[in-house]
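Engineer: Take a look and give me a structure for this.
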Amino acid sequence: MSDKTMTAEEVVSRLESGMTLGIGGWGSRRKPMALVRALLRSGITDLTVVSYGGPDVGMLAAAGRIRKLVAAFVTLDSIPLEPHYRAARERGAFELMEVDEAMFLAGLRAASHRLPFLPIRAGLGSDVLRVNPALRTVTSPYEDGETFVAMPALRLDAALVHVNRADRLGNGQYLGPDPYFDDLFCEAADAAYLSCERVVDTAELTKEAAPQTLLVKRHTVTGVVEAPNGAHFTSCVPDYGRDEALQKTYATTPWPEFAARYLAGDEQAYRSAVREGS
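Structural biologist: This is a model prediction of the structure:
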C-alpha cells in the first residue's frame, strides 16, 4: 500500500483538456472547491463536467472551461439558481444534458459497475426524453414487458471529491448528515482525487465516527490532498457551515471582478482575500 498524498497542483497536472470530469458534493455542500480553484488556475478547458452542480459548475462555466455539462440541477441552495451558470447557459456557452436526479444517480451506478446503461422509470412521461433525444428506452424481456428509460453510464476520466477526513492510502470519511454520492463518483472514474479537511492515521478514522462513515474506499482513489477549508465557501459539516456572506458576494459580483479578487493567486492568496472581505 502506498502513500497517495499530493498537492492540488499535482492533481491538476494529471488532468487534461477535453476530459470528462466528475465533481462530487451536492449544490453548495461539500464541494471540492480547493481542487476547483486549482483547476481554474490552470489552462485546462473543453471539459465535459458531470455534477450535482453548485459553484463548481458556476465558476467553470463563467471561466469558459465547460464544453458540455451533465447535471440534474445547478444551485447554491440558499440561492436557488446558480447565477453564473445561468448567465453562461443563457448565452449558449456549452452543451447541456439535463436529467432527473434519479437518472443521474443511475448513470453513476451504471458506470461504477462498468455497465453501458441501467433501466429506470424516472424520466418517463416527462420532457426529459424530449430535451434529450439521444436517450433511448428499453423493454423488459420478462412477462411484465415494462418500458424503462435506458440511462447511459456516466463514465468519468477523473473525479474530484471532498470529505472531512482521509488517510494517506485513500480511505475517505464523511462526518456530516449526508454522504451524497462521492463514492460513486470515485468508482465511476478512471482516476479519482480526494481532498479532505485533515489527513489522519488510518486507526484514527474509526475513533471519531463509526466504520459506516468510511464512504470512499482506497482502491478507488488515485490521490489524496490535505486541504483545510477545502470546500469553502460551500459547507463541510460538522467542520464548518456555508459561508453565506461570501456566497452572496460571489452571486452578486460580475465574474471577472470576483475572479480577479479571489482566484488570481494560490490558496494562501484566496484565504487572505476571504479574510480581507469578511
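Engineer: Okay, strands next: where are they in this protein?
Structural biologist: Assigned by DSSP state E, the strands in the chain fall at 20-23, 47-51, 66-71, 95-98, 117-120, 136-139, 147-152, 156-166, 172-173, 189-199, 223-226.
Engineer: who wins for proximity to D182 among those?
Structural biologist: With distances scored as C-beta to C-beta, the stretch of those nearest to D182 is strand 156-166 (4.1 Å). No exception for glycine: its C-beta is placed from N, CA and C like everyone else's.
Engineer: my guess is A153 meets A110, correct?
Structural biologist: Yes. A153 lies in contact with A110 (C-beta atoms under 8 Å); the separation is 3.8 Å.
Engineer: what do the two both touch?
Structural biologist: Residues touching both A153 and A110 (C-beta atoms under 8 Å, 6 or more residues apart in numbering) are P116, F117, L118.
Engineer: Please identify, among the residues you listed, the one with the most neighbours.
Structural biologist: L118 (21 neighbours; other C-beta atoms under 10 Å).
Engineer: Could you tell me which residues make contact with the closest residue to T222 other than its chain neighbours?
Structural biologist: With sequence-adjacent residues excluded and distances taken as C-beta to C-beta, 6 or more residues apart in numbering, T222 is closest to A191, at 4.3 Å. Taking C-beta under 8 Å, 6+ apart as the criterion, A191 is in contact with R14, D157, A158, A159, T222, G223.
Engineer: run the last query once more with 7 Å
Structural biologist: R14, A158, T222 (C-beta atoms under 7 Å, 6 or more residues apart in numbering).
Engineer: Equivalent analysis for L129, please.
Structural biologist: Applying C-beta under 7 Å, 6+ apart, the residues near L129 are G123, L135.
Engineer: And it, how close does it get to L105?
Structural biologist: Noted for L129: a distance of 18 Å to L105, by C-beta to C-beta, to the nearest Å.
Engineer: again, but for P141
Structural biologist: Taking C-beta to C-beta, one finds P141 at 24 Å from L105.
Engineer: Look at these two and report which has more neighbours.
Structural biologist: Neighbour totals were compared for P141 and L105, and L105 leads with 20 against 7 (other C-beta under 10 Å).
Engineer: contacting residues for the more buried one?
Structural biologist: F181.
Engineer: What separation do you get for it and A188?
Structural biologist: 11 Å.
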